[in-house]
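Trainee: next come a sequence and a model predicted from it.
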Amino acid sequence: MKKKGESRQEILMCPPTYYAIEYKINPWMISQVNVKKAAAQWEKLKDAFVNLKMKVSFIEPIKHLPDMVFTADQGAIYDHLFIKSNFRYEERQRESIYTLDYFRKKNFAIVELPKEAYFEGQGDFIKYNYIILLGVGYRTNLKAAKIIQTLLNKKVIPLHLVDPYFFHLDTALCVLPEGGIMYHKGAFNKSSLAKIKNLTSDLIPISKSDARKMACNSIIHKNNIVVSKGLSKKLIKTLKARGLRIIEIELSEFLKSGGGAHCLTWNGVGR
Ligand code: ARG
């Protein structure tokens, strides 16, 4: 039996047909994408999920929306609800219109937040048991945190991000099976670090260099963890010691935009 609020392992991906770096809304976005390489990397990521027997669904890419490939940011799913993202930057705002359409057709109840409540979906929204951790600071804001708390009637803990390289929560924090938290300390302010410590004593702090390889931006399925290639031997060893099977995929073309496996893959979109 699925527990209420638990993510189902159905994922939503968007082919990188129009993926490019056409603007700069975070400090990673300083070089050009090799389109062929990006397409091959994305295929390998998708194949890894297919091999893990996850259900992979696709949303059609839209011209002139180069970041649409990062599906996780377009909204959040909680039970039967689809909470549409309200992107901070104009460059990404249209993406969630198409995603809304997709979930409406799947009979999700739709929630649209007021204009001033910025929200960037699963990029900033991470479930921890029955609590929701919400990244705030660069993209999602406290207004959205308050509304989501009332809407879902769940405890929402806002975590303040303070390093522009870690502008979404999923770039700096990842919940492991059994509730351990892998995170990058430098991404959070003091009070947020204290809040993380309050959640569990099973903490795995990672180095800045692993964090910059998007270690936290990983997808976990059963005892498998799909990570971006290039993590330190030390971290790989730590993850293996926890019983995780490591699946490494080269995602360099997506790191150029500030994304990794987690944001390319909206996990838990089934009903
Ligand atoms: N270029 C995209 C942006 O700045 C990258 C998004 C990555 N998403 C994530 N959840 N980390 O919005």
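Mentor: Noted; the coordinates are in hand.
Trainee: the ligand contacts on the stretch 1-150 of the chain?
Mentor: Taking CB under 6 Å from any ligand atom, the part of the stretch 1-150 of the chain that reaches the ligand is made up of 25-26, 29, 67, 70, 72-73, 92, 123. For glycine as for every other residue, the C-beta is placed from the backbone atoms N, C-alpha and C.
Trainee: show me which of those are buried.
Mentor: 25-26, 67, 70, 72-73, 92, 123 (16 or more other CB atoms under 10 Å).
Trainee: taking the stretch 1-150 of the chain, what residue is nearest to the ligand?
Mentor: The nearest approach of the stretch 1-150 of the chain to the ligand comes at Gly123, 2.9 Å away (CB to the nearest ligand atom).
Trainee: so what pLDDT did that residue get?
Mentor: You'll see Gly123 listed with a pLDDT of 97.
Trainee: give me phi/psi at it?
Mentor: phi -60, psi -30 (degrees, to the nearest 10).
Trainee: from His168, how far out is it?
Mentor: Distance from Gly123 to His168, counting by CB to CB, to the nearest Å: 4 Å.
Trainee: now the common contact residues for these two.
Mentor: A shared contact of Gly123 and His168, defined by CB atoms under 8 Å, 6 or more residues apart in numbering, is any residue touching both; here these are 73, 135, 139, 263.
Trainee: state the distance from the nearest residue to the first one once chain neighbours are set aside to Ala194.
Mentor: Here the nearest residue to Asp73 in space, its sequence neighbours aside, is Gly123; by CB to CB, 6 or more residues apart in numbering that works out to 4.1 Å. Distance, Gly123 to Ala194, using CB to CB: 23 Å.
Trainee: got it, and Pro205?
Mentor: The gap separating Pro205 from Ala194 is 14 Å, by CB to CB.
Trainee: neighbour count winner among the two?
Mentor: Neighbour comparison, Pro205 and Ala194: the larger count goes to Pro205, with 14 against 10 (by other CB atoms under 10 Å).
Trainee: please name the residues that touch that one.
Mentor: Pro205 sits next to 183-185 when contact means CB under 8 Å, 6+ apart.
Trainee: got the end-to-end distance for stretch 207-224?
Mentor: Across its full length, stretch 207-224 reaches 21 Å between end residues, using CA to CA, to the nearest Å.
Trainee: name the residues of it that come out as buried.
Mentor: Buried positions in stretch 207-224, judged by neighbour count with 16+ other CB under 10 Å: 207, 210-221, 224.
Trainee: from those, which are also near the ligand?
Mentor: With respect to the ligand, and counting by CB under 6 Å from any ligand atom, the subset of those in contact is Asn217.
Trainee: just the ones of the buried residues of stretch 207-224 in helices?
Mentor: Among the buried residues of stretch 207-224, the ones falling in helices (DSSP state H) are 210-212.
Trainee: pLDDT for those - can I get that in TSV?
Mentor: Written out in TSV, the entries for these read as follows (pLDDT from 0 to 100):
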residue	pLDDT
Asp210	98
Ala211	98
Arg212	98
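Trainee: follow-up on the earlier one: quick one: which of the buried ones among the residues of the stretch 1-150 of the chain next to the ligand is nearest Asn107?
Mentor: For these, the minimum distance to Asn107 (CB to CB) is 21.1 Å, reached by Ala72.
Trainee: for Glu43, see how far away that closest one is.
Mentor: As judged by CB to CB, Ala72 and Glu43 stand 18 Å apart.
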